[in-house]
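Asker: return a 3D structure for these sequence lines:
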Amino acid sequence: MNFEIIDNVFQVAVFFAAALGDMVYWFYKRDRLYIILALVHGCFMMGTLYFVLHLVIRGIVPQVFYVSEISWIASYLFMHTYQIVRYRIKKIRIAKIPVICGAGVLIASMWSGIFGIVAGVIVSIAVFQILYEKEPHGVCYCMIICVVLEVALYVSSNFIHDYTRFNLYFLIDFVLTIVNVLLLPCTVWEVTGDDVY
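Answerer: Just a heads-up that it's a prediction; the model follows:
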């Protein structure tokens, strides 16, 4: 059996469960961060579901698959929206280290042919929050790791062409899935009582 099918079915199941968890927390907490997280996980799940259905039904891996790519990019756009809603610094300023980190991710992601600007901005804001806010940073670390793993996944796909067996590509994909889903427990941990966003 093609290991890519196993990987993608695992991703669809995990992201579906995460989106349901996000909706349950939204229902109980009424915090819009959980709706945005549901959109992050739902978009990623829908893109992967479309990809795996194409793979199972047609039996081939498409080289360029715009429907899934658009869903995956939408997931990162919602991740950035999550950052904007969560952002608590009253005065935004430009700092060297976050800009350098964001530019590095931007260059690496553009080189690998993916969502460069969004990735760079997510990393830049997350690094800024880690360096200059005195609050828990679990969500920021998860976002940085997600973006770095996504870039690593695309870079590794340029060198790995055998998707029938477990390899580095699938290891990165599994870790990416788990870290992305960790956004929910990190959000639950960071959001307290009656915070208003």
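
Asker: now the helix or strand Trp26 falls within: average pLDDT?
Answerer: Using DSSP states H and E, Trp26 sits within helix 3-29. Mean pLDDT, helix 3-29: 92.

Asker: try stretch 158-174
Answerer: 86.

Asker: leaving out chain neighbours, which residue sits closest to Ile36?
Answerer: Setting aside the residues directly before and after it, Ile36 is nearest to Tyr82 in space (Cβ to Cβ, 6 or more residues apart in numbering), at 4.5 Å. Using the backbone N, CA and C atoms, a C-beta is placed for each residue, glycine as well.

Asker: before we move on, what about Ala108?
Answerer: Closest to Ala108 by Cβ to Cβ, 6+ apart is Val151, at 5.2 Å.

Asker: quick check, pLDDT for the one you found.
Answerer: Val151 is given a pLDDT of 87.

Asker: give the next helix or strand downstream of the helix holding Trp26.
Answerer: Following helix 3-29 in sequence, per DSSP H and E, is helix 32-58.

Asker: if you count neighbours, what's buried in whichever strand or helix holds Tyr169?
Answerer: For Tyr169, the element it lies in under DSSP H and E is helix 168-181. Neighbour counts over helix 168-181 (16 or more other Cβ atoms under 10 Å) mark Tyr169, Phe170, Ile172, Asp173, Phe174, Leu176, Thr177, Val179, Asn180, Val181 as buried.
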